[in-house]
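Q: Sharing a model prediction with you, sequence too.
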Amino acid sequence: MEAATVEMIDAAAGSESYINNNIIEENFELLDSVYSAAADGDIDKFQQHAGVLDQILTPYGNTILHIHITARNSQNMDFVREILEMCPELLLKTNKKGETLLHMVARHGHADVAKYLLQECKKPYQNDSELGIKNTRQIDAAVKYGTENKGLDFMERRNRLKDEGASATSQMLQMINEAKDTALHEAVRYNHLDVVKVLTVEDPELPYAANNAGETPLYLAAKRGYADVLQEILSTCISPVDHGPCSRTALHATVIRNNIGITTLLVDDRRVNKSKQDEQGRTPLHLAALLGRIVIAKKLINEDKSAAYKADNKGKTPLHLAAGFGRVGIMRELISRCPGCCELVDNRGWNVFHFASTSKNSKAVELILRYPSLGNLLNEKDEKGNTPFLQAASMNFIITNPKMDLLVFNNENHNAADIVDEHSLKPLNRLLWGRISARIMRCRRILVKEDKDEEGWENEGNPVRLEKNYLVIATLIATVTFAAGITVPGGLIADKGPDQGAPILTRKAAFQAFVILNAISMFWSSYAILTHLTRSYTTNRKKIIGRRMILQGFIGYAMLAMIGAFLAGTCAVLLHSDKKLAISACVVPVVVFVLYIRLIDFSQASVLN
């Protein structure tokens, strides 16, 4: 080391400000020199100053070994070994975040250094004498470098740990930083399998507690999807702890991640609790049902059926969640494997059919209706008196079945006619409602709603103006389709002969589809116009609603047929000249329309859920 630097270290070592305020914060020139030497592993610059090595700290509190391990790329152990011989106190020295050398080694994946540090940690207890420090290089170094008092203090501190029943290596493995992470936490977080093997083999009986985030090493491995690391912990540790935040376990984490491999490892381990409930009362099977993890759900059911009967804090079982989100595959598995859970209800009194009806998934509803043993659930009421039929009606989803009581009332004397919003029904539900609405309306108990008087009904949506708008739309469709039928795409044959005046594309399948769809559109729009003109004016609400539904249906079908006719005509004209353009012109609008419908359905489902 340069003479100036040596003098600075000696002067600082003899001053009280050096000990209390860290010389590095006082001398930035010295910081640069020491930092570079530590990073490069230049042992020559530190050999003559062993007595102050534990006082050379960066502003962050890192020692020269913290710096070297962070910057270390080679497998040369000489620097670490010689520095620890000169200053054994550095073995357990922490920086301002409470990180020991083992923390840094685990984070950067230096398995050989981790093994060496653990071996060094054992040496104070080899061949115990009266003071427990016989045959230790730490004392030899203390004498050699003139730091006898420091060496003895260090060894006495370590011996006290042993007297308290903790081994030296266990103490080191359990040392935590300010985030309460152990070295194993760091090794797992950065997926350093070799370091994990070194740490777990050293003390397989050691229980690793959770850090400030509530995560144990096993939970970290499961959450991050590190299958090899998790398998190593399970196979080596005698009592692995799998706690996570929100009272979840590693199995909860891997279900959320949908990692089937790690789930298999955890399910096959008898020490893992497969049906532990988190803060919301949900087991891993609850999460599998909620997220639609069918393969994982089957594994969990095979291992522990009791989870199917456990309810969360709101009384919901896995079957309730699967039905509520339309997870038909998981519903089928639970109903067939655990039929007893089908009759359970949540805190609101909802059974599985209530949840299936709110999902608006027709397949989920059909699955329940397919099981005769579940017939008693069809007309069961919740705490508000709503059956699954009424609950679905409140969400404008119509369910019909011969076994269902369609005339049922809830606790507020409302039946389906009072609940359904006719304006929001989709076409299929509108048709189903049209078949049963008249019978239901005749049985209403509340004939006039208090919050909707005659004036309010007249003003709501202005039904007269609405019907006029329908008439305008139908007339426009009829006009367009009529014009398209006269001026057919592709033109007419001009040459004299028997085919003169006939459409050129008559024999094209696309042209034939155009003609048919155009005629259908013309028919539906014309029929909508006739319906409006032939019906007498009325102020009867039921008649107005019925007429409006009929007009909406006719105009909707006419629009769809007109769109189909346009696509078919475009294809007929372009197909023989530019096939790619013809296909693109037909496919792209359809794809955009389907995506739009899916987006609308997804948005509505998200709001409802």
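A: Sure thing, it's come through.
Q: shouldn't residue 567 be in contact with residue 585?
A: Yes. Proximity of residue 567 to residue 585 meets the contact threshold set by CB atoms under 8 Å, at 7.4 Å. For the C-beta atoms, the positions are set from N, CA and C on the backbone; glycine is no exception.
Q: ok, those two, which is more surrounded?
A: Per other CB atoms under 10 Å, whichever of residue 567 and residue 585 has more neighbours is residue 567, with 20 against 17.
Q: Give me the next element, helix or strand, following the helix or strand harbouring the more buried one.
A: Taking DSSP states H and E as the criterion, residue 567 maps to helix 541-574. Past helix 541-574, further along toward the C-terminus, the next helix or strand under DSSP H and E is helix 579-608.
Q: pLDDT (mean, whole number) over that next one?
A: In this model, helix 579-608 has a mean pLDDT of 71.
Q: how much space is there between residue 344 and residue 376?
A: Distance, residue 344 to residue 376, by CB to CB, to the nearest Å: 13 Å.
Q: So which of the two has more stuff around it?
A: Counting neighbours by other CB under 10 Å for residue 344 and for residue 376 shows that residue 344 has the greater number, 18 against 13.
Q: where does the stretch 401-550 of the chain dip in pLDDT?
A: For the stretch 401-550 of the chain, the stretches flagged by pLDDT under 70 are 422-423, 446-465, 490-495, 497-502, 504, 535-546.
Q: What are the boundaries of the helices in it?
A: If you assign secondary structure with DSSP state H, counting those that start in this stretch, the helices in the stretch 401-550 of the chain sit at 416-419, 427-441, 454-459, 463-486, 509-534, 541-574.
Q: Please identify the deepest-packed of those.
A: Burial of the helices of the stretch 401-550 of the chain is given as mean neighbour count (mean count of other CB atoms under 10 Å); helix 416-419 ranks first at a mean of 21.
Q: Residues touching that helix, excluding its own?
A: 389-390, 393-394, 406, 436-437, 440-441, 444, 446, 449 (CB atoms under 8 Å, 6 or more residues apart in numbering).
Q: so which of these comes closest to residue 249?
A: Proximity of the contacts of helix 416-419 to residue 249, judged by CB to CB, is greatest for residue 394, which lies at 37.2 Å.
Q: gap between the closest one and residue 418?
A: Taking CB to CB as the measure, residue 394 falls 10 Å from residue 418.
Q: now residue 305
A: The spacing between residue 305 and residue 418, counted by CB to CB, is 42 Å.
Q: Same question for residue 191.
A: Computed as CB to CB, the residue 191 to residue 418 distance reads 59 Å.
Q: Check which helix or strand the residue nearest the centre of the chain maps to.
A: In the chain, the residue lying closest to the centroid (CA atoms, centre = their mean) is residue 256, at 5.8 Å. Here residue 256 is covered by helix 250-257, with elements defined by DSSP H and E.
Q: elements contacting whichever helix or strand comes after that helix?
A: Counting by DSSP H and E, the next helix or strand C-terminal to helix 250-257 is helix 260-268. The helices and strands touching helix 260-268, judged by 3 or more CB pairs under 8 Å, 6 or more residues apart in numbering; DSSP states H and E, are helix 217-224, helix 227-236, helix 250-257, helix 294-303.
Q: what angle separates whichever helix or strand comes after helix 260-268 from helix 250-257?
A: Note on helix 260-268: by DSSP H and E, the next helix or strand toward the C-terminus is helix 284-291. What separates the directions of helix 284-291 and helix 250-257 is an angle of 10 degrees, with axes from the mean of the first three to the mean of the last three CA atoms, to 10 degrees.
Q: Just list the residues touching the residue nearest to residue 467 when sequence neighbours are not counted, thanks.
A: The shortest distance from residue 467 to any residue that is not its chain neighbour, by CB to CB, 6 or more residues apart in numbering, is 6.4 Å, and that residue is residue 532. Taking CB under 8 Å, 6+ apart as the definition of contact, the neighbours of residue 532 are 467, 470-471, 474, 547, 551.
Q: any idea how far residue 532 lies from residue 364?
A: Relative to residue 364, residue 532 is positioned 39 Å away (CB to CB).
Q: neighbours of residue 239, just the number please.
A: Here the number of neighbours of residue 239 (other CB under 10 Å) works out to 10.
Q: Check for me that it belongs to a helix.
A: No. Checked against DSSP: H, G, I helix; E, B strand; the rest coil, residue 239 lies outside a helix; its state is coil.
Q: What separation is there between it and residue 193?
A: Here residue 239 is placed at a distance of 21 Å from residue 193 (CB to CB).
Q: try residue 565
A: Residue 565 is 64 Å from residue 193, where distance means CB to CB.
Q: what do you get for residue 489?
A: With CB to CB as the criterion, residue 489 and residue 193 are 67 Å apart.
Q: out of these two, which sits in the busier spot?
A: More neighbours surround residue 489 than the other of residue 489 and residue 193, with 23 against 16 (other CB under 10 Å).
Q: ok, that one - contacts?
A: Contacts of residue 489 were listed using CB under 8 Å, 6+ apart, and they are 505, 511, 514, 569-570, 572-573.
Q: among these, which two are most distant?
A: In terms of CB to CB, those reach their longest pairwise distance at 505 and 570, which sit 11.8 Å apart.
Q: circling back: can I get the helices of the stretch 401-550 of the chain in JSON lines with distance to residue 70?
A: Converted to JSON lines, the helices of the stretch 401-550 of the chain look like this (distance: least, CB to CB, whole Å):
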{"stretch": "helix 416-419", "distance to residue 70": "66"}
{"stretch": "helix 427-441", "distance to residue 70": "64"}
{"stretch": "helix 454-459", "distance to residue 70": "74"}
{"stretch": "helix 463-486", "distance to residue 70": "72"}
{"stretch": "helix 509-534", "distance to residue 70": "70"}
{"stretch": "helix 541-574", "distance to residue 70": "65"}
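Q: and residue 264, which of those helices is closest to it?
A: Evaluated over those, closeness to residue 264 peaks at helix 427-441, with 41.7 Å, by CB to CB.
Q: The closest one packs against which elements?
A: Helices and strands touching helix 427-441, as assessed by 3+ CB pairs under 8 Å, 6+ apart, comprise helix 416-419, helix 541-574.
Q: what sits up against that helix?
A: With CB under 8 Å, 6+ apart as the contact definition, helix 427-441 has outside contacts at 396-398, 400, 406-407, 415-417, 420, 422, 425, 542, 546, 549, 552-553, 556.
Q: how about a cut-off of 7 Å?
A: With contact meaning CB atoms under 7 Å, 6 or more residues apart in numbering, helix 427-441 is reached by 396-398, 400, 406-407, 415-417, 420, 425, 542, 549, 553, 556.
Q: Taking those, tell me the two that lie furthest apart.
A: Every pair in the contacts of helix 427-441 was compared (CB to CB); the two farthest apart turn out to be 407 and 556, at 29.4 Å.
Q: Now do the phi/psi pair for residue 411.
A: Residue 411 adopts backbone torsions of phi -70, psi -20, taken as degrees, to the nearest 10.
Q: Next one: the closest residue to it other than its chain neighbours relative to residue 419, how far apart?
A: Residue nearest to residue 411 in three dimensions, not counting chain neighbours: residue 385, with 3.6 Å by CB to CB, 6+ apart. Relative to residue 419, residue 385 is positioned 12 Å away (CB to CB).
Q: With residue 332 instead?
A: Using CB to CB, one obtains 30 Å as the distance from residue 332 to residue 419.
Q: Please parse this protein into its domains.
A: Here the domain assignment for the chain is 1-179, 378-447, 466-577, based on automatic domain parsing.
Q: Between those, which one is closest to residue 298.
A: domain 378-447 (26.8 Å).
Q: any idea how far that closest one is from the chain center?
A: On the basis of CA atoms, centre = their mean, to the nearest Å, domain 378-447 is displaced by 35 Å from the centre of the chain it belongs to.
Q: Great, nothing more from me.
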